[in-house]
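Peer 1: Test case, fold it:
(one chain, ligands or ions: 1)
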Amino acid sequence: MSTLLLNGFPSLRLESHLEARNKAVAARNISAGAVVLSTPGFATVLLPSEKGRRCDACHLPGGGQRQAILRCSGCASYFYCDSSCQKLHWPKHKLICKRWNSFATSPAFQSLEEHEKMDAILLTHTLAELSVLHQTGGSQAHFDTLMELLPSENSSQHPPVCPNAYPSCLEAQIQDIYSRFGNNNFAVHSHLNTFAHGVFPLASRTFNHSCAPNAAAKYILNASHVVVMEVVALRDITLGEEVCLTYLDPALMQSRHQMLEITYGFRCRCQSCQTLNSMDATTLPIDASDLGALEASLRKFVGIGTGAIPSAPSQAIPRELYCLFSEAYLGQLSETFSKASHEGSYEVAQQSGETLLALYIMIYPPNYPQIGMHALEITKSRWNAAVVGDTKDTLYIKTTQYYLALSRAILDIFGQEGDPDGPRQEISLLESLINETLIQEWSVNI
Ligand SMILES: C[S@@+](CC[C@H](N)C(=O)[O-])C[C@H]1O[C@@H](n2cnc3c(N)ncnc32)[C@H](O)[C@@H]1O
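Peer 2: So this is what the prediction gives:
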């Protein structure tokens, strides 16, 4: 069985699972921050918005300190950092280079929805990769793992594929391969911003879904290499515990249940889904001061502003707060925070930022990177307010430092992902900037 590929990862083993066929369990105690699985993308394709901005082979962004992006002179539609990335991609790309433009402008391709176009390109790249393995006699272990995945029950007819991407002997397999796409298609991100989609068969074969996962996927980009997915433990995991990823953003509180059923074919029975399902619909108060009072109770419930590390309380959520657990309200709050952080008022930014943090702490599992990223946004907003408003208030500066420390603690567990630089570098910069400003310019000692 090709899942022998898991033999290289001694902290995991597969066991049987009543509903999901198999589950990955910890074969030893795993510490928070440990990488439990590392696996290359079998095929990855850039989102249309990233075409020409990132390399089609290694997916690093061009410009800046990196070399300018080179355009393939054959099709003028694929872009590379340099000749070494072009060489890496060429065995696959040469199969489609001459046919690419007529395929991409064909009515069959153009009539597809955007997500179907991504599927068509990903399927083309998957078949081209497989063709190369056929031609070169390379190891098919990852492809075998792909074909071992559970097919979607309701997978539609496969989208059109660029001609010449595959030899005719593979024709009969295309629908079979495509039936594994729907529930095994990863969004590839850098600092949590999606820039590509990819097929990572070993990760798909290994991890089941949880709305409160204890592990998360991150992506490692290196020049002249394909993208590698690393799965990181978000907290200490004990021997025998199931290791899970989340297939959907847990913040999709009302829609995720249905999406899991439609896309992945199972009904999620986790504690978080049960709690959300039991919250009968209540509407947000229209009066701003009533809403403000509820938001303040939520912040208090989660322990925001107490100086301790906030965490989801074990007691039941008070009924009057149910109305705040809605996707619509979360979107609204996030917009308010982003607008107020950029344009003021800083008071509004602080309150909406902290309310959003309280919700994130209730929705996401401990150390989930989104919490750390948001704590960093609050830090920046508070620091801007301090600098622009010349606020040397000690309490104010202390909370800025508190949020900075919170974001570092969380993002250090997830570690570096995606593009060079990013949130952890921003945290280091902010740490020194804040210290220098406090000591040298403001003579404040905390
Ligand atoms: C990517 S596969 C996961 C690996 C799978 N356990 C296996 O043995 O190949 C996704 C499929 O696993 C099943 N699955 C994953 N998480 C589940 C869960 N929490 N509850 C029930 N079934 C689940 C569903 O059938 C889903 O479509």
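Peer 1: residues from the stretch 151-300 of the chain in reach of the ligand?
Peer 2: Residues of the stretch 151-300 of the chain that fall close to the ligand, judged by CB under 6 Å from any ligand atom: 183-184, 204-205, 208-209, 264-266, 268. Quick note: C-beta positions are derived from backbone N, CA and C, even for glycine.
Peer 1: At which residues are the helices of the stretch 301-446 of the chain located?
Peer 2: Secondary structure of the stretch 301-446 of the chain (DSSP state H, counting those that start in this stretch): helices located at 327-343, 346-363, 369-388, 394-414, 423-436.
Peer 1: Same question for the stretch 101-250 of the chain.
Peer 2: Using DSSP H, counting those that start in this stretch, the helices found in the stretch 101-250 of the chain span residues 107-110, 114-136, 141-148, 174-178, 201-206.
Peer 1: closest to Arg28 out of those helices?
Peer 2: Nearest of the helices of the stretch 101-250 of the chain to Arg28, taken as CB to CB: helix 201-206 at 15.9 Å.
Peer 1: so what does the closest one touch, helix or strand wise?
Peer 2: Taking 3 or more CB pairs under 8 Å, 6 or more residues apart in numbering; DSSP states H and E as the contact definition, the neighbouring helices and strands of helix 201-206 are strand 35-40, helix 141-148.
Peer 1: Do you know the pLDDT at Gly74?
Peer 2: At Gly74 the predicted local confidence, pLDDT, stands at 96.
Peer 1: Likewise for Glu335?
Peer 2: We have a pLDDT of 97 for Glu335.
Peer 1: Ile410: neighbour count?
Peer 2: The local packing of Ile410 (other CB atoms under 10 Å) involves 24 other residues.
Peer 1: if I look at Leu12, how far off is the ligand?
Peer 2: Taking CB to the nearest ligand atom, to the nearest Å as the measure, Leu12 falls 12 Å from the ligand.
Peer 1: Beta-bridge partners for that residue, please?
Peer 2: Bridge pairing for Leu12 (DSSP bridges) gives the partners Ala26.
Peer 1: quick one: it and Cys244 touch, right?
Peer 2: No: in this structure, Leu12 is not within contact of Cys244 by CB atoms under 8 Å, at 11.6 Å.
Peer 1: Just the residues of the stretch 151-300 of the chain next to the ligand: which are in strands?
Peer 2: Here DSSP state E is the test, and these give 208-209 as lying in strands.
Peer 1: Switch the residues of the stretch 151-300 of the chain next to the ligand over to TSV; also include pLDDT and neighbour count.
Peer 2: TSV is the format used below for those (pLDDT from 0 to 100; neighbours: other CB atoms under 10 Å):
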residue	pLDDT	neighbour count
Asn183	79	20
Asn184	88	21
Ser204	97	21
Arg205	96	24
Asn208	97	19
His209	96	18
Tyr264	89	20
Gly265	88	15
Phe266	92	14
Cys268	92	19
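Peer 1: Just flag the most distant two among the residues of the stretch 151-300 of the chain next to the ligand.
Peer 2: Checking those with CB to CB, the most distant pair is Arg205 and Cys268, at 19.7 Å.
Peer 1: list the residues that contact both of Leu12 and Cys244?
Peer 2: By CB atoms under 8 Å, 6 or more residues apart in numbering, Leu12 and Cys244 have these common neighbours: Ala24.
Peer 1: Of the residues of the stretch 151-300 of the chain next to the ligand, which is the nearest to Ser407?
Peer 2: Checking these against Ser407 with CB to CB, the nearest one is His209 at 26.5 Å.
Peer 1: Quick check, the closest one in contact with Cys268.
Peer 2: Yes: under the criterion of CB under 8 Å, His209 lies in contact with Cys268, with a separation of 7.0 Å.
Peer 1: Give me the helix or strand of this protein that scores worst on average pLDDT.
Peer 2: For the chain, counting by mean pLDDT, DSSP states H and E, helix 271-278 ranks last in confidence among helices and strands (a mean of 87).
Peer 1: what's in contact with that one?
Peer 2: The set of residues external to helix 271-278 that reach it, using CB under 8 Å, 6+ apart, is 211-212, 250, 253-254, 256-257, 317, 325, 363.
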